[in-house]
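**Student:** just need the structure, nothing else, for what follows:
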Amino acid sequence: MNSAMHAQSLQKVVYTDGSQQLNGWVTANKGMAKPGVLILPAWMGADDEARQAASDLEKQGYIAFIADIYGEGNVPQNSEQASKIATHYKTDFKAYQHRIALALEQLKKAGAQTDRLAVIGYCFGGTGALEAARAQLPVRGVVSIHGGLAKGTRPDEKLSTRILVLHGADDASVSETDIRNFTQEVNHSKADWQMIYYANSKHTFTNPASADYNKLMSQRSWQHTLLFLEEILK
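**Tutor:** Model prediction:
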């Protein structure tokens, strides 16, 4: 599906964080009292991958909402800008958690069943999915799709939601130390978690626009995502 078709199937939602305007996108089935999935996009913002995910989730019977973390006027135009602003939110994790919580409220306002919510995220958004779990936001589960796993030096929080991590086996952006620390973190909480490795897959292996794209592994990871969502939301 191209971006023009995505634009037709999604509806813009303007919301705010103080004086900062935020521009989210919701599926056309809003208001239908269905389970809800919050989508946290990669570091360039609401890209085609996030929009495709929203469209596919709508077909599966979910209300989907694409969050705006950066806000009006702050959308990066290149990788350098994206790295700078994404690093800000990964460093100031409380600000990131706050923007995720605001988007989750918009998903609820769109009619999603408040006791049947989940978060999925790609890359930077995958980092955010784990932050949603660390913040103990009221969701049944989170999916981190080739996201960063590190949380810095802060103490472990209680992880009470279910966690699925989908990880490219050749992802050079996630160190073995990050993986080891994450494993210790989730085990410390006795969390319900699972991490799946995908062979011959670099960092952005699910994104068709990326040189890292691995079609087969991308399809498998999406099926794993749907299986997880069905288990926790339906």
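**Student:** what residues does the residue nearest to the spatial centre of the chain make contact with?
**Tutor:** The residue lying closest to the centre of the chain (CA atoms, centre = their mean) is Gly121, at 1.5 Å. By CB atoms under 8 Å, 6 or more residues apart in numbering, the contact list for Gly121 reads Ile39, Leu40, Pro41, Thr127, Gly128, Ala129, Val142, Val143, Ser144, Ile145, Gly147. Placement of C-beta: from N, CA and C, glycine included.
**Student:** next step: these restricted to helices.
**Tutor:** Thr127, Gly128, Ala129 (DSSP state H).
**Student:** and the pLDDT for the second one?
**Tutor:** What the model reports for Gly128 is a pLDDT of 98.
**Student:** show the contacting residues for it.
**Tutor:** Counting by CB under 8 Å, 6+ apart, Gly128 touches Leu40, Ala67, Ile69, Tyr89, Tyr96, Ile100, Val119, Gly121, Gly147.
**Student:** what is the first one paired to in the beta sheet?
**Tutor:** Applying DSSP bridges to Leu40 gives these bridge partners: Gly121.
**Student:** that one contacts Tyr122, doesn't it?
**Tutor:** Yes. Counting by CB atoms under 8 Å, Leu40 touches Tyr122, with 7.2 Å between them.
**Student:** of the two, who's got more company?
**Tutor:** Leu40 (32 against 27; other CB atoms under 10 Å).
**Student:** and stretch 113-124, what's buried?
**Tutor:** Arg116, Leu117, Ala118, Val119, Ile120, Gly121, Tyr122, Cys123, Phe124 (16 or more other CB atoms under 10 Å).
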